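> this one's sequence-less:
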């Protein structure tokens, strides 16, 4: 052994410990990735598991009698023992239905109707607070195949509700879209123009350096402060409607601006100066050079930064709470000045609800927002690849 | 050579002078980069600017189309008269100057566009031509002038950067020609190219001087000797010597020039 070492001209006694420390370091780095992945997997698994029941909703088949009595007191439309079984949201809709379809008056129908959330929880095997009498009614319905879990299309087509079985993300989704639209319309042109000015026109002096530092600081300000600013400026000073996507979008635009400016500047800076020189050498004006040659190269980077900024705005809750987008708003907005709520605010509201049925709604809402963010990021990558100019 | 024998060898004679620099000084901040340059550049000739790195030859070249204006903290005094107008006058628009005085850079720098658009972009912006047949003709004639037509006529829509380095440089020359300048400034146009591409560019320059006044900065002494009609030697911001190329290389008047061209420094 010793002899062998003596004959090896490349033998270095320090090598084994150096290799060991390298392996150790590699193990640490790999370990951190594994821990991060484990957290992510646990989070996604737990969310999917919790959200899965929200895809289904219980329906019961009961005899409904449409008459004068039930148009006044809708509870009278069904048998007494089913009154706690069916959804109150559905019961409330009976008078309206009779007004719309008067020909139903005086008829009875054996039909599937939405079940109460406690019944729904019982059917899914979750905790419930039904009385023994109601449980036995459900068991009878079960044996007669008069109660079943169906695909829940209320969740994606209805707005918020105080009755969990009738609550959905639709109106908050529309609110989010309106809000992000305002954010994009304000922040994108302002941010890109600011970046172009700072990068292409402004001279490097004290003033531009102060602006630069402040833009970078702006990105680090807690988002709730932007909410306070929005409340003070847009609502109190300008008198714009509270809880509206307009105010929400403006507030989020303030937040997104620094992200767009910083990424757009980085994209512009990555355009080689030789391109600008070539343009000047041909007697092109600055605008022609920027429009024709600099922006096309910088565009994919600007786009990516904008989408990532929007994705961040999409998930922002705190500033929107301050400007009132957390209020209970079951209807979806028709314009950017209507009161609206947004997805993350909706999730926040549901997370604070006492009813057990909202737990699965919360998780399902989180899944919806995660899916949207996933697609936004995928779009960012796709567009960057698509418009990238090969150098 | 025959012409050098009976010529009066006076580069400062007044006939067919295209560019006249007089009393030109330039400062980058506190650095006095060009010191009192006086120089006449002849029409339809190739004038080479040679000298060691940092001698001011590129800076001087960039004064001729006012590219130095783009650098902050630059101060220029004196004048450069082109076609009896000082381009540093207050009523001069730099954009118009640069349109008349084309430039080719050290690194080929085609726009991130197709070969076709690389050439037609600036003429379209200058409204020299219209889209369509006029543009097609200009692209073809410019590429022919730059000796690139045969190589690229079948792939005009492919990106300019898909060409080889030498082809890209000729594309840049074609792009400069397309704007119909009087003068073409070349800032070490072949220093990033291999000898074969260099040879092509050099013979292209010889062809182009029929129509254009060419000023070239080069580190390659043989290139200056081969191509240029006149040569100027710069040293530490001064123009040390300026004469017909043959004279400057064979019997330099200044000791500095001689030691540079004989390779004692630089």
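Received, thanks. Just so we're clear, the structure is a prediction, and the values are computed from it rather than from any experiment. Numbers count the residues shown, from 1 in each chain, chains lettered A, B, ... in the order given.
> show me the contacts for residue A:38.
Listed by CB atoms under 8 Å, 6 or more residues apart in numbering or on different chains, the contact set of residue A:38 is empty. For glycine as for every other residue, the C-beta is placed from the backbone atoms N, C-alpha and C.
> helix or strand for the closest residue to chain B within the stretch 101-250 of chain A, which one?
Closest approach between the stretch 101-250 of chain A and chain B, counting by CB to the nearest CB: residue A:203, at 6.2 Å. In the assignment (DSSP states H and E), residue A:203 maps to no helix and no strand.
> count of neighbours near it?
Using other CB atoms under 10 Å in any protein chain shown, residue A:203 is surrounded by 8 other residues.
> mind listing what's buried along the helix or strand residue A:21 falls within?
Taking DSSP H and E as the criterion, residue A:21 maps to helix A:15-51. Residues of helix A:15-51 classed as buried by neighbour count (16 or more other CB atoms under 10 Å in any protein chain shown): A:47, A:50, A:51.
> will you turn those residues into JSON lines that also has pLDDT and distance to chain B?
Below are these laid out as JSON lines (pLDDT from 0 to 100; distance: CB to the nearest CB, whole Å):
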{"residue": "A:47", "pLDDT": "93", "distance to chain B": "43"}
{"residue": "A:50", "pLDDT": "92", "distance to chain B": "49"}
{"residue": "A:51", "pLDDT": "92", "distance to chain B": "46"}
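> output these in JSON lines; the columns should cover distance to residue A:151.
As requested, these are exported to JSON lines (distance: CB to CB, whole Å):
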{"residue": "A:47", "distance to residue A:151": "20"}
{"residue": "A:50", "distance to residue A:151": "18"}
{"residue": "A:51", "distance to residue A:151": "14"}
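> from the residues you listed, which is closest to residue B:229?
Ranked by distance to residue B:229 (CB to CB), those are led by residue A:47 at 78.2 Å.
> interface residues of the stretch 51-200 of chain B facing chain A?
Taking CB under 8 Å from any CB of the partner chain as the contact definition, the stretch 51-200 of chain B meets chain A at B:65, B:67, B:70, B:72, B:95-100, B:102-105, B:107, B:109-113, B:121-122, B:125-126, B:159, B:161, B:172, B:175-176, B:179.
> ok so, going back, now do the contacts for the residue of the stretch 101-250 of chain A closest to chain B.
residue B:72.
> next, it: phi, psi?
The phi/psi pair for residue A:203 (degrees, to the nearest 10) reads phi -80, psi 150.
> ok, the one 3 residues further on next?
According to degrees, to the nearest 10, the main-chain angles of residue A:206 amount to phi -50, psi -40.
> give me the number of neighbouring residues for it.
Neighbours of residue A:206 using other CB under 10 Å come to 7.
> near chain B, which residues of chain A?
Residues of chain A found near chain B (CB under 8 Å from any CB) are A:203-204, A:272, A:274-275, A:277-285, A:288, A:292-293, A:296-297, A:389-391.
> next, count neighbours for the residue in chain A positioned nearest to chain B.
Of all residues in chain A, residue A:283 sits closest to chain B, at 3.0 Å by CB to the nearest CB. Residue A:283 has 24 neighbours, counted by other CB under 10 Å.
> please name the residues that touch it.
Here residue A:283 is in contact with B:95, B:96, B:97, B:98, B:99, B:100, B:122, B:126, B:179 (CB under 8 Å, 6+ apart).
> repeat that with 10 Å
B:65, B:93-103, B:122, B:125-126, B:179, B:181 (CB atoms under 10 Å, 6 or more residues apart in numbering or on different chains).
> give me the buried subset of these.
So, by 16+ other CB under 10 Å, the buried ones in the contacts of residue A:283 are B:65, B:94-95, B:97-103, B:122, B:125-126, B:179, B:181.
> so the closest residue to residue A:384 other than its chain neighbours is in which element?
Among residues not flanking residue A:384 along the chain, residue A:300 sits closest, at 4.4 Å (CB to CB, 6 or more residues apart in numbering or on different chains). Assessed by DSSP H and E, residue A:300 sits inside helix A:295-314.
> tell me the first helix or strand C-terminal of that helix.
helix A:318-322.
> got the buried residues for that following helix?
Quick answer for helix A:318-322 (16+ other CB under 10 Å): A:318, A:319, A:320, A:321, A:322.
> contacting residues for the nearest residue to residue B:44 once chain neighbours are set aside?
Leaving out its chain neighbours, the residue that sits closest to residue B:44 by CB to CB, 6+ apart is residue B:209, at 5.6 Å. Contact partners of residue B:209, counting by CB under 10 Å, 6+ apart, are B:43, B:44, B:45, B:46, B:47, B:184, B:227, B:228, B:229.
> give me the pLDDT value at the fourth one.
Per-residue confidence (pLDDT) for residue B:46: 95.
> hmm, residue B:186 and it touching each other?
Yes - in this structure residue B:46 lies within contact range of residue B:186 using CB atoms under 10 Å: 9.1 Å.
> hmm, back to that, now the buried residues of helix A:318-322 as TSV including pLDDT and distance to residue A:159?
Below are the buried residues of helix A:318-322 laid out as TSV (pLDDT from 0 to 100; distance: CB to CB, whole Å):
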residue	pLDDT	distance to residue A:159
A:318	91	22
A:319	92	22
A:320	93	17
A:321	91	18
A:322	91	22
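> just put those residues in JSON lines and tack on distance to residue A:336.
JSON lines is the format used below for the buried residues of helix A:318-322 (distance: CB to CB, whole Å):
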{"residue": "A:318", "distance to residue A:336": "21"}
{"residue": "A:319", "distance to residue A:336": "17"}
{"residue": "A:320", "distance to residue A:336": "14"}
{"residue": "A:321", "distance to residue A:336": "19"}
{"residue": "A:322", "distance to residue A:336": "18"}
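> what number of residues lie near residue A:377?
By the criterion of other CB under 10 Å, residue A:377 has 14 neighbours.
> next: the one 5 residues further on.
When counting by other CB under 10 Å, one arrives at 11 neighbours for residue A:382.
> now the helix or strand hosting it: mean pLDDT?
Assigned by DSSP H and E, residue A:382 belongs to helix A:357-387. Taken as a whole, helix A:357-387 has a mean pLDDT of 92.
> for the nearest residue to residue B:192 once chain neighbours are set aside, helix, strand, or coil?
Excluding the flanking residues, the one nearest residue B:192 by CB to CB, 6+ apart is residue B:107, at 5.5 Å. The local conformation at residue B:107, judged by DSSP: H, G, I helix; E, B strand; the rest coil, is coil.
> look up how far residue A:295 lies from residue B:107.
Applying CB to CB, to the nearest Å, the value for residue B:107 to residue A:295 is 22 Å.
> before we move on, the earlier item: list the contacts of the residue nearest to residue A:384.
With CB under 10 Å, 6+ apart, residue A:300 has these contacts: A:267, A:380, A:383, A:384, A:385, A:386, A:387, A:388, A:389.
> what about the first one, neighbour count?
This points to residue A:267. The local packing of residue A:267 (other CB under 10 Å) involves 23 other residues.
> quick one, phi psi at it?
Torsion angles, degrees, to the nearest 10, at residue A:267: phi -70, psi -40.
> returning to what we had before: what about the buried ones among the contacts of residue A:283, which are in strands?
B:101, B:102, B:103 (DSSP state E).
> from these, which is closest to chain A?
Set against chain A, the nearest of those by CB to the nearest CB is residue B:103 (3.5 Å).
> many thanks, we can stop here.
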